[in-house]
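*Asks:* My questions concern the predicted model and sequence given below.
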Amino acid sequence: MTLADAFRLVGPPRGDVHDAERAEAIRVLDAEVRRIARRIVGNADAADDVASDVTIRLVAAAPGTRHADFNDAQTRGFLARTVRNALIDGVRATGTRRRTERAFVEQRPPRPRAHGFIAEAADAVAWAERCVDATIIPAAAAAMRSRRAEFERDLELLRALHAGLLSMDEAVAAERKPDDTEKRARGRLHTRCSRTRARLGVQALKYMAAHAIDPVRAGAIEVALAELGADLPRIAASLARVRARREVTVSAPPAVSSGGGTASGVAAESARRGRNAPLTAPETDRNERDRGAR
């Protein structure tokens with residue numbers, strides 16, 4: 001079951017969904033929510049608490065019925081946005097409780113460890129959003145040079161799609177040319193969105209490599225880009241495969257081409273060089289002894 005399918009099936013019990021399918025959908029969605037939460041919180045117990053709250057919200061609200069056209073990338077972005085909001089709500093709730101407690105006691109109560117991790121993750125998420133808007137997106141736009149306007153237009157389209165302000169069908173209808181088929185227009189739109197996500201991911205990886213980014217902030221950047229559908233681990237794996245192929249190509253010795261570059265030509269060249277090669281010292285001594293015996 002894909003993430004988008006689970007997103008559409010999750011929610012309160014209803015007649016058109018079997019209990020087994022609903023349970024599997026909740027399990028798939030809960031696993032993705034826990035992965036996102038653990039990526040940015042940095043503490044398994046605190047992340048599981050946040051993920052449990054988010055899963056309960058999703059089951060109660062059933063957002064997949066309102067966003068039935070979401071694909072996997074849009075679903076992952078929606079979940080990342082929900083986890084981010086849950087972290088911020090947790091910090092606000094903690095602050096409200098502390099203010100209430102300080103009204104009855106004079107000294108500030110010690111902060112629980114789990115709340116400290118959640119507060120740190122919420123700060124990292126806020127920092128990552130500023131970093132993406134102020135550093136990563138301008139760097140990706142500057143790398144486009146003459147095609148910067150095209151990148152900015154595709155970025156706005158990507159934001160609208162992942163925020164639910166524009167459906168995929170509406171975007172295809174808007175981008176479709178008079179002589180285009182729907183399949184061609186949808187493929188072109190998909191290519192534009194994928195290219196924009198990849199450019200954002202590349203610039204994010206460059207920024208993280210150039211600066212000493214701690215794991216919590218690195219996870220926050222990943223979540224901030226997930227809200228735009230950019231899967232940072234997948235982009236990093238693709239770049240690693242491309243880099244490995246380039247290193248193998250550069251380090252491979254050039255092939256000896258002779259006789260038209262074929263294998264028989266190389267063999268003929270080797271045989272010719274063997275016939276014209278000078279005799280070695282043992283062979284020379286053996287020939288002189290044969291002549292002396294005669």
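*Replies:* Now that the structure is in, tell me what you want to look at.
*Asks:* quick one: whatever helix or strand Ala60 lives in to chain centroid distance?
*Replies:* Assigned by DSSP states H and E, Ala60 belongs to helix 44-61. On the basis of C-alpha atoms, centre = their mean, to the nearest Å, helix 44-61 sits 22 Å off its chain's mean C-alpha point.
*Asks:* buried set for that helix?
*Replies:* The neighbour-count check on helix 44-61 (16 or more other C-beta atoms under 10 Å) flags 46-51, 53-55, 58-59 as buried. C-beta here means a position set from N, CA and C on the backbone, and glycine is covered the same way.
*Asks:* cool, stretch 69-81 as well?
*Replies:* Applying 16+ other C-beta under 10 Å to stretch 69-81 flags 70-81 as buried.
*Asks:* Looking at the residues you listed, spot the one nearest Leu29.
*Replies:* Checking the buried residues of stretch 69-81 against Leu29 with C-beta to C-beta, the nearest one is Leu79 at 7.4 Å.
*Asks:* what comes up buried for the helix or strand where Arg184 lies?
*Replies:* Here Arg184, judged by DSSP H and E, is contained in helix 182-210. Buried residues in helix 182-210, defined by neighbour count with 16+ other C-beta under 10 Å: 185-186, 189, 192-193, 196-205, 207-208.
*Asks:* helices and strands around it, which ones?
*Replies:* On a contact count with 3 or more C-beta pairs under 8 Å, 6 or more residues apart in numbering; DSSP states H and E, helix 182-210 meets helix 137-144, helix 148-162, helix 168-175, helix 215-226, helix 232-251.
*Asks:* Deepest in the core, which of those is it.
*Replies:* Compared across these, helix 215-226 shows the largest average neighbour count, a mean of 23 (mean count of other C-beta atoms under 10 Å).
*Asks:* ok now that one, how far from the chain's centre?
*Replies:* Relative to where its chain is centred, helix 215-226 has its mean C-alpha point 10 Å off (C-alpha atoms, centre = their mean).
*Asks:* Ok, stretch 164-184 next?
*Replies:* 25 Å.
*Asks:* Span of it from start to end?
*Replies:* Its start and end residues considered, stretch 164-184 measures 23 Å (C-alpha to C-alpha, to the nearest Å).
*Asks:* And the contacts of it?
*Replies:* Outside of stretch 164-184, the residues within contact range by C-beta atoms under 8 Å, 6 or more residues apart in numbering are 66-67, 69, 71, 78, 157, 159-161, 185-186, 188-189.
*Asks:* any chance of these in CSV, plus pLDDT?
*Replies:* Putting the contacts of stretch 164-184 into CSV (pLDDT from 0 to 100) gives the following:
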residue, pLDDT
Arg66, 79
His67, 78
Asp69, 77
Asn71, 81
Phe78, 86
Leu157, 87
Arg159, 87
Ala160, 87
Leu161, 83
Ala185, 86
Arg186, 86
Arg188, 87
Leu189, 87
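*Asks:* can I get those residues in TSV with distance to Arg245?
*Replies:* Formatted as TSV, those follow (distance: C-beta to C-beta, whole Å):
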residue	distance to Arg245
Arg66	43
His67	38
Asp69	36
Asn71	28
Phe78	34
Leu157	31
Arg159	33
Ala160	36
Leu161	32
Ala185	33
Arg186	30
Arg188	27
Leu189	29
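*Asks:* Out of those residues, give me the two with the largest separation.
*Replies:* So for the contacts of stretch 164-184, where distance means C-beta to C-beta, the most widely separated pair is Arg66 and Arg188, at 26.8 Å.
*Asks:* follow-up on the earlier one: now flag whichever of the buried residues of stretch 69-81 is closest to Asp214.
*Replies:* Asp214 has its nearest neighbour among the buried residues of stretch 69-81 in Ala80, at 19.0 Å by C-beta to C-beta.
*Asks:* Tell me who's in contact with the closest residue to the closest one other than its chain neighbours.
*Replies:* Distances taken as C-beta to C-beta, 6 or more residues apart in numbering put Ala226 closest to Ala80, at 4.0 Å, once the chain neighbours are dropped. Counting by C-beta under 8 Å, 6+ apart, Ala226 makes contact with 36, 76-77, 79-80, 232.
*Asks:* how close does Ala226 sit to Gly187?
*Replies:* 23 Å (C-beta to C-beta, to the nearest Å).
*Asks:* CA-only coordinates of stretch 167-179, as CSV, when you get a sec.
*Replies:* The C-alpha trace of stretch 167-179 is given here as CSV (Å, rounded to 0.1, in the frame of the first residue of the first chain):
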residue,chain,number,x,y,z
SER,A,167,-5.3,20.4,-7.5
MET,A,168,-3.3,18.5,-10.1
ASP,A,169,-6.2,18.4,-12.5
GLU,A,170,-6.6,22.2,-12.3
ALA,A,171,-2.8,22.7,-12.8
VAL,A,172,-2.9,20.4,-15.9
ALA,A,173,-5.8,22.3,-17.3
ALA,A,174,-4.0,25.6,-16.8
GLU,A,175,-0.7,24.3,-18.3
ARG,A,176,-2.3,22.4,-21.2
LYS,A,177,-1.6,23.9,-24.6
PRO,A,178,-4.2,23.8,-27.4
ASP,A,179,-2.4,21.0,-29.4
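*Asks:* Many thanks, we can stop here.
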